[in-house]
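A.B. asks: Pasting a predicted model and its sequence here:
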Amino acid sequence: FYSTAGAGKHQISPWHDVPLKNDDGTFNLVVEIPKWTRNKYEICTTEPFNPIKQDVKNGKPRVYAWGDMPFNYGAFPQTWEDPSHRSDATGCIGDNDPIDVVDIGSKQWAVGSVVR
């Protein structure tokens, strides 16, 4: 991720530097898995600038195994699910990642797209 705002091109984080909310009250989504694809990309929370990378498990790239993703999947920037907090509503703990979000619109967005 790079920004050209201000003095020249500089690297930014899709997690920390993209605003969650816009001035008009809408929210931003950072696309990790585009609609109609299977490769499981995610914001890497452990690396500088948090690049979006294909997730790896047991040395193998992870792939969504239940057919093509029928929606754009991603994360709300500047959010985090706390693994020490258990939700009263679900009984689940946070996964130590940004909050997940899906876009059910008709357009397929590219990995890394910021969508309102």
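C.D. replies: Happy to help now that I have it.
A.B. asks: in the protein, which residue is closest to the centre?
C.D. replies: Central residue of the chain (Cα atoms, centre = their mean): residue 75, 3.1 Å from the mean position.
A.B. asks: Kindly state the beta-bridge partners for it.
C.D. replies: Here residue 75 sits in beta bridges with residue 30, residue 100, going by DSSP bridges.
A.B. asks: Use 278 as the first number from now on
C.D. replies: Happy to do that; since the first residue is 278 now, the last one works out to residue 352.
A.B. asks: quick one: low-confidence ranges for this protein?
C.D. replies: By pLDDT under 70, the chain contains no weakly predicted segment.
A.B. asks: repeat that for 90
C.D. replies: Applying pLDDT under 90 to the chain picks out residues 278-287, 341-342.
A.B. asks: now the helices: where do they sit in it?
C.D. replies: Taking DSSP state H, the chain contains no helices at all.
A.B. asks: Please, where are all the strands along this protein?
C.D. replies: Secondary structure of the chain (DSSP state E): strands at 279-280, 287-288, 306-310, 318-320, 329-331, 333-334, 337-338, 349-352, 377-380, 391-392.
A.B. asks: tell me the most buried of those strands?
C.D. replies: A comparison of the strands of the chain by mean neighbour count, using mean count of other Cβ atoms under 10 Å, puts strand 349-352 on top with a mean of 26. C-betas here are computed from N, CA, C, even on glycine.
A.B. asks: Can you tell me, leaving aside adjacent residues, what's nearest to residue 324?
C.D. replies: Once flanking residues are discounted, residue 324 sits nearest to residue 330: 7.9 Å by Cβ to Cβ, 6 or more residues apart in numbering.
A.B. asks: OK, contacts around the one you found?
C.D. replies: 318, 319, 321, 324 (Cβ atoms under 8 Å, 6 or more residues apart in numbering).
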